[in-house]
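>>> Quick one: sequence plus predicted model below, questions after.
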Amino acid sequence: MVAPPLSLDVEGLAFAYPDGHQALFGVDLRIGRGERVALLGPNGAGKTTLVMHLNGILSADTGTGRGTVKVAGLPVAKANLPEIRRRVGIVFQDPDDQLFMPTVREDVAFGPANLGLRGAELDARVDEALEQVGMAGFADRPPHHLSFGQRRRVAVATVLAMRPEILVLDEPSSNLDPASRRELAEILDRLDVTVLMVTHDLPYALELCPRSVVLSGGVIAADGPTAELLADRALMDVHRLELPYGFALPDCERCAPVDRRRGRVPSDTSEQG
Amino acid sequence: MGAGHAHDLYRHADTPLHRLPPQCKLVAVLLFVLAVVATPRDRFWAFGVYALLLAAVAAVGRVPAGYVLRRVVVEIPFVVFAFALPFLASGPTVDVLGVDVSRDGLYGAWNILAKGTLGVVASILLAATTPLRDLLLGMERLRMPQLLVQIMQFMLRYSEVISGETGRMKVARESRGFQARDVRQLPVVAKSAGALFIRSYERGERVHLAMLSRGYTGTMPVVTDVRASAAQWGVSAALPAAAALACAVAWLAGA
């Protein structure tokens, strides 16, 4: 049996913006189908730049770069962009940027309609996506009449409606009140899709993503089980990652012994640019 | 059809007028206004006919007179000049309530006022019975350039977001002791306006990114189709047809 291709395969990705600012210095990242991975890193680490490469918004064409990105085996290249943008569903941080149509229904329909779906098939896709995020009753509402948490959920639905291979979430928990935050976690937890979650919210990463990667200084500085990375004080400190005040990691059987982790830190961070 | 987007002018109800496809109503209003404008200004009875026609339309759409009249005030800035005309225009004068005013000016004022008001009332009736979203769909249906429809659609979506941002900037200014008392505070307000422009511009870029990420290629997919049947076109032709008839009679028969 042939294993299914990786959902995401990033190899040696480097990128500099036209103004000369180099954001990525050779990123390697492999995410298997169905995995849920948190992308952690301090501000300015290149997280957004990396995300923008995943669906070809940024590429060697828009700056200077090298390396490859493949989504389920398909390279991100100009000729493949429509299919790549179907496969990679990005949920942006501000739902007001993502929800630009007059009603929720039209907004969720925007993506699949761009793929050529019409009529009953399109309606079914919209209903299914809204159902997945628990917003089925809000299809005909204008987005600005929804609460922030509801808008974030609809933003997730707009992307799910395209049946993506990988769901990329940019700070999904930002600006949510605790109840909305939990509701979104429950929704994300139920989804049967590969997830890459960019976040500063370490408890959220721990809750939802068994695996985390730390992007720092434009390279992947660490990659491992989330609980293990978060327990590694030295690693965390180097990359300006912190648990919020009052938080302690729950006991974790999979965490490796302390001294072994300590020993690994230098090699994990040595490739920083 | 698109869902009701609540705005100030729309009045939710389920009447034959509300159910007519938006493009039919748009065309009807346009033709009606053309007939009104084409009517000679001294055929007073014709304007009475137009007013009656609009009253009938309002009755079908169950739009109360008070609702319309309160909104007619939007035309005041535009017709205020009309009130000055009788005093400014030259030529033969007539006596009105003991004041000598220009006859031509009086006709001119009446012309602007009557035609303006009829046009505004027709538009108010259109807006009161058609959600904004549907108006845009209707325009799209009528082959209005997609780009213009998209711009209006984004205005519709983002006007509240941007006014919210304006409001927060105002609160932020005032929370730090700023008071707009006179023109000396103008530079601060101007800078805020500039900042708001830049913020909106940046939001535009982010929205565009989000659109590209979902496969946008320059045209909006037409998702909600508002088709009009021949019968619906026929029904909506009633208003402009009656108005055109009145206009034609006014030209042929005289005052």
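Good, I have the coordinates.
>>> I'd like to know how far the residue nearest to A:F148 when sequence neighbours are not counted sits from A:G44.
If you skip the residues right next to it in sequence, A:F148 has A:N175 as its closest partner in space, 6.0 Å away by CB to CB, 6 or more residues apart in numbering or on different chains. C-betas here are computed from N, CA, C, even on glycine. From A:N175 over to A:G44 the distance is 20 Å, taken as CB to CB, to the nearest Å.
>>> Which parts of the chain are strands?
Since no chain was named, I'll use chain A. A:8-16, A:22-31, A:36-40, A:64-71, A:74-75, A:88-91, A:166-170, A:194-198, A:211-216, A:219-225 (DSSP state E).
>>> that answer is for a different chain, and I need it for chain B
B:93-96, B:99-102.
>>> Do you know the pLDDT at the residue positioned nearest the centre of chain B?
For chain B, the residue sitting closest to the mean C-alpha position, by CA atoms, centre = their mean, is B:S123 at 5.2 Å. pLDDT recorded at B:S123 is 95.
>>> for the residue nearest to it when sequence neighbours are not counted, what are its contacts?
Using CB to CB, 6+ apart and skipping residues adjacent in sequence, the residue nearest B:S123 is B:V29, 6.5 Å away. Listed by CB atoms under 8 Å, 6 or more residues apart in numbering or on different chains, the contact set of B:V29 reads B:A122, B:S123, B:L125, B:L126, B:L239.
>>> do you know how far the closest residue in space to B:V235 that isn't next to it in sequence is from chain A?
Of all residues beyond its chain neighbours, the one nearest B:V235 is B:L20 (6.7 Å), with distances taken as CB to CB, 6+ apart. For B:L20, the distance to chain A (CB to the nearest CB, to the nearest Å) stands at 20 Å.
>>> B:W233 is in contact with B:L20, correct?
No. Assessed by CB atoms under 8 Å, B:L20 is found out of contact with B:W233, at 9.3 Å.
>>> Count the neighbours of the closest residue in space to A:D201 that isn't next to it in sequence for me.
The shortest distance from A:D201 to any non-neighbouring residue, by CB to CB, 6+ apart, is to A:S173 (4.5 Å). Neighbour count of A:S173, defined by other CB atoms under 10 Å in any protein chain shown: 23.
>>> Now do the same contact list for A:S173.
A:S173 touches A:R181, A:L184, A:A185, A:T199, A:D201, A:Y204, counting by CB under 8 Å, 6+ apart.
>>> Now the phi/psi pair for it, please.
phi -100, psi 0 (degrees, to the nearest 10).
>>> and it, how far is that from B:M169?
26 Å.
>>> Same check on B:L156?
For B:L156, the distance to B:M169 - CB to CB - is 22 Å.
>>> more neighbours, these two?
B:L156 (19 against 16).
>>> any idea how far the more buried one lies from chain A?
6 Å.
>>> Below-threshold pLDDT in the chain: ranges please.
If you meant another chain, say so; for now it's chain A. Applying pLDDT under 70 to chain A picks out residues A:1-2, A:251-273.
>>> that's the wrong chain, I wanted chain B
B:1-7, B:223, B:254-255.
>>> Can you name the residues of it that neighbour chain A?
B:2-6, B:132-133, B:136, B:153-154, B:156-158, B:160-161, B:203, B:206-207, B:209-217, B:220-221, B:223-224 (CB under 8 Å from any CB of the partner chain).
>>> B:E75: what's its closest spatial neighbour, skipping adjacent residues?
B:E75's closest residue in space is B:V120 (CB to CB, 6+ apart), at 4.7 Å.
>>> need the contact list for that neighbour.
B:V72, B:V74, B:E75.
>>> of the strands of chain A, which approaches chain B most closely?
Of all these, it is strand A:88-91 that lies closest to chain B, at 4.9 Å by CB to the nearest CB.
>>> Need the strands of chain B in TSV (columns: mean neighbour count).
Output for the strands of chain B, formatted as TSV (neighbours: other CB atoms under 10 Å in any protein chain shown):
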stretch	mean neighbour count
strand B:93-96	12
strand B:99-102	14
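>>> Turn those into JSON lines, including distance to B:G48.
What follows is these, written out as JSON lines (distance: least, CB to CB, whole Å):
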{"stretch": "strand B:93-96", "distance to B:G48": "21"}
{"stretch": "strand B:99-102", "distance to B:G48": "23"}
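>>> between these, which one is nearest to A:G63?
Closest approach to A:G63 among those (CB to CB): strand B:99-102, 69.3 Å.
>>> neighbouring contacts of the closest one?
Residues outside strand B:99-102 that contact it (CB under 8 Å, 6+ apart): B:L85, B:P86, B:F87, B:L88, B:A89, B:S90, B:G91, B:P92, B:T93, B:V94.
>>> In helices, which of the contacts of B:V120 fall?
Those of the contacts of B:V120 mapping onto helices are B:V72, per DSSP state H.
>>> Name only those of the contacts of B:V120 that count as buried.
B:E75 (16 or more other CB atoms under 10 Å in any protein chain shown).
>>> of all the contacts of B:V120, which comes closest to A:C209?
Taking the contacts of B:V120 together and measuring to A:C209 by CB to CB, the closest member is B:V74, at 54.8 Å.
>>> Next, work out how far apart the closest one and B:I112 are.
The value you get for B:V74 to B:I112, if CB to CB is used, is 15 Å.
>>> what's around the residue lying closest to B:A210 once chain neighbours are set aside, how many residues?
Excluding the flanking residues, the one nearest B:A210 by CB to CB, 6+ apart is A:Q98, at 4.7 Å. Per other CB under 10 Å, the neighbour tally for A:Q98 reads 28.
>>> And for B:D182?
So B:D182, with other CB under 10 Å, has 7 neighbours.
>>> Next: A:A16.
Neighbour count for A:A16, taken as other CB under 10 Å: 17.
>>> OK, contacts around the residue lying closest to it once chain neighbours are set aside?
In space, and not counting its chain neighbours, A:A16 is closest to A:Q22: 4.1 Å by CB to CB, 6+ apart. Contacts for A:Q22 (CB under 8 Å, 6+ apart) come out as A:A14, A:F15, A:A16, A:G218, A:G273.
>>> List buried residues within the residues you listed.
A:A14, A:F15, A:A16, A:G218.
>>> Next up, the contacts around B:Q146.
B:E140, B:T219, B:M220 are the contacts of B:Q146 under CB under 8 Å, 6+ apart.
>>> what's the answer for A:I84, then?
Contacts of A:I84 (CB under 8 Å, 6+ apart): A:N55, A:G56, A:V71, A:L74, A:V76.
>>> out of these, which are buried?
A:N55, A:G56, A:V71, A:V76.
>>> My guess is B:A51 contacts B:K115. True?
No. Counting by CB under 8 Å, B:A51 sits too far from B:K115 to count as a contact (11.6 Å).
>>> Name the nearest residue to A:V76, sequence neighbours excluded.
Using CB to CB, 6+ apart, the closest residue to A:V76 is A:V69 (4.3 Å).
>>> ditto for B:G105
Counting by CB to CB, 6+ apart, the residue nearest B:G105 is B:A89, at 3.0 Å.
>>> and that neighbour, how far is that from B:D104?
Taking CB to CB, one finds B:A89 at 5 Å from B:D104.
>>> Please apply the same query to A:D123.
A:D123 is 61 Å from B:D104, by CB to CB.
>>> Could you check how many residues crowd around residue 221?
Chain wasn't specified; assuming chain A. Counted with other CB under 10 Å, A:A221 comes out at 23.
>>> hm, I was asking about chain B
Based on other CB under 10 Å, the number of other residues close to B:P221 is 19.
>>> and it, what does it touch?
B:P221 neighbours (CB under 8 Å, 6+ apart): A:A109, A:F110, A:A113, A:N114.
>>> make it 10 Å
A:106, A:109-118, A:122, B:215 (CB atoms under 10 Å, 6 or more residues apart in numbering or on different chains).
>>> For these, give me a markdown table that also has distance to B:D182 and neighbour count.
Formatted as a markdown table, the contacts of B:P221 follow (distance: CB to CB, whole Å; neighbours: other CB atoms under 10 Å in any protein chain shown):
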| residue | distance to B:D182 | neighbour count |
| --- | --- | --- |
| A:E106 | 46 | 25 |
| A:A109 | 51 | 25 |
| A:F110 | 47 | 25 |
| A:G111 | 51 | 29 |
| A:P112 | 55 | 26 |
| A:A113 | 52 | 21 |
| A:N114 | 52 | 20 |
| A:L115 | 57 | 18 |
| A:G116 | 59 | 11 |
| A:L117 | 58 | 20 |
| A:R118 | 58 | 14 |
| A:L122 | 56 | 20 |
| B:G215 | 52 | 22 |
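>>> Understood, closing this out.
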